[in-house]
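[1] give me a 3D structure for the following:
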Amino acid sequence: MSRDEFLEAFDSGLLGTGLRIMLGQYRFLLPKKAYLKTCQRVHSWLEYYIRRQVDSTSNGTQVPSQQRRSMAKNLGGQTEDLEYIRGQILQSMLASKETTAVLVSNAMFLLSRHPDVYNKLRKEVLQYPEGEDLFTFDNLSNLTYLQNVIKEALRLYPVFPLNGRIALRDTTLPASPDPTNPQLTKLQPAPVPAGSTVVMSWYSLHRSESIFGDDAASFNPDRWNTIKPTQYEYMPFGGGQRACLGREKSLAEGALVLARLAERFQRVESRDSRDWKPKTGISYCNANGCKIALYR
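    Prediction:
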């Protein structure tokens, strides 16, 4: 199987997985044969290259300590369980494929429709002191408005809009009263039997007016100058012990690309009048794409 064929199978598998996550207990309604065949193609392709990497290590091929090693080689030095290695690599691919691209695409979609925000972002980037390297992790992190733009883009369009957990034992979900709705204070804790799946919608959470204000559905990076949501009120990367390990990497890459674009281009204009439309899958991207024009 060629690289392009693998990517096609991988994308098809992601679509099938995303649909099954959304359908939950009703996923049995989807055709299973084609999906399993696609998964098998992906697994076989990965296992072929994993064996090559692991075999080269077991045959005594030495890799200099300062040289980067592949994930397969690193895991192969710890275990011979091929299925485990494949699972770890697949998980890394699932978490990294298109995530930063989706973040940047969604941010540019919003900026192209809000020229005042783009102008303010560009002004902040261009005002950075001459002679200093703006494009470092620390310096990009200190650009307040740039970080606000990223936060706001992730709030409106989180790359992963849903998450879920399975209860390992009988438990309860505490009643969390909404200060804007006194009726909710009468709610009782919800029982969650062992084996139940609890699905959380970051998309809905991030548009809560009780947290983000009456204009929660609007793109307004300045809101982040006055609000400080808790870690469980704003969760584009999840939270707790199972939060996304790639959070800082994704934020740094997104900041770098957006800052470069703001530095090089005087303005950005939308070339598509259609509204943002979600594309079915695991990540939350625009089904219509991001059609824009950039002017130097």
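[2] all contacts plus neighbour counts: C-alpha atoms, from now on.
    OK.
[3] pLDDT averaged over whichever strand or helix holds residue 92 - what is it?
    Using DSSP states H and E, residue 92 sits in helix 82-96. Confidence over helix 82-96 (mean pLDDT, whole number) is 83.
[4] helices or strands up against the next helix or strand after that helix?
    As assigned by DSSP H and E, the chain's next helix or strand after helix 82-96 is helix 99-112. Counting contacts by 3 or more CA pairs under 8 Å, 6 or more residues apart in numbering; DSSP states H and E, helix 99-112 is packed against helix 115-126, helix 144-156, helix 247-264, strand 267-270.
[5] buried set for the third one?
    The reference is to helix 247-264. The neighbour-count check on helix 247-264 (16 or more other CA atoms under 10 Å) flags 250, 251, 252, 253, 254, 255, 256, 258, 259, 261, 262, 263 as buried.
[6] so how far is residue 10 from residue 97?
    When distance is defined by CA to CA, to the nearest Å, residue 97 is 10 Å away from residue 10.
[7] show me what whatever helix or strand residue 55 lives in is packed up against.
    Counting by DSSP H and E, the element that carries residue 55 is helix 33-58. Here helix 33-58 touches helix 3-23, helix 71-76, helix 82-96, going by 3+ CA pairs under 8 Å, 6+ apart.
[8] most tightly packed of those helices?
    The highest mean neighbour count among the helices and strands packed on helix 33-58, using mean count of other CA atoms under 10 Å, belongs to helix 71-76: a mean of 18.
[9] which residues touch the helix holding residue 92?
    43, 46, 47, 50, 71, 72, 75, 76, 79, 246 (CA atoms under 8 Å, 6 or more residues apart in numbering).
[10] repeat the analysis, applying 7 Å as the threshold.
    Identification of contacts with helix 82-96 by CA atoms under 7 Å, 6 or more residues apart in numbering yields 46, 47, 72, 75.
[11] now it, how far from the chain's geometric center?
    How far helix 82-96 lies from its chain's middle: 17 Å, per CA atoms, centre = their mean, to the nearest Å.
[12] in CSV, list the C-alpha atoms belonging to it.
    Only the C-alpha atoms of helix 82-96 are listed here, as CSV (Å, rounded to 0.1, in the frame of the first residue of the first chain):
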residue,chain,number,x,y,z
LEU,A,82,3.3,-5.6,18.6
GLU,A,83,-0.3,-4.7,19.3
TYR,A,84,0.7,-2.5,22.2
ILE,A,85,3.3,-0.6,20.0
ARG,A,86,0.8,-0.2,17.2
GLY,A,87,-1.8,1.1,19.6
GLN,A,88,0.6,3.7,21.0
ILE,A,89,1.6,4.9,17.6
LEU,A,90,-2.0,5.0,16.4
GLN,A,91,-2.9,7.1,19.4
SER,A,92,-0.1,9.5,18.7
MET,A,93,-1.2,9.8,15.0
LEU,A,94,-4.8,10.3,16.0
ALA,A,95,-3.8,13.1,18.4
SER,A,96,-1.5,14.9,16.0
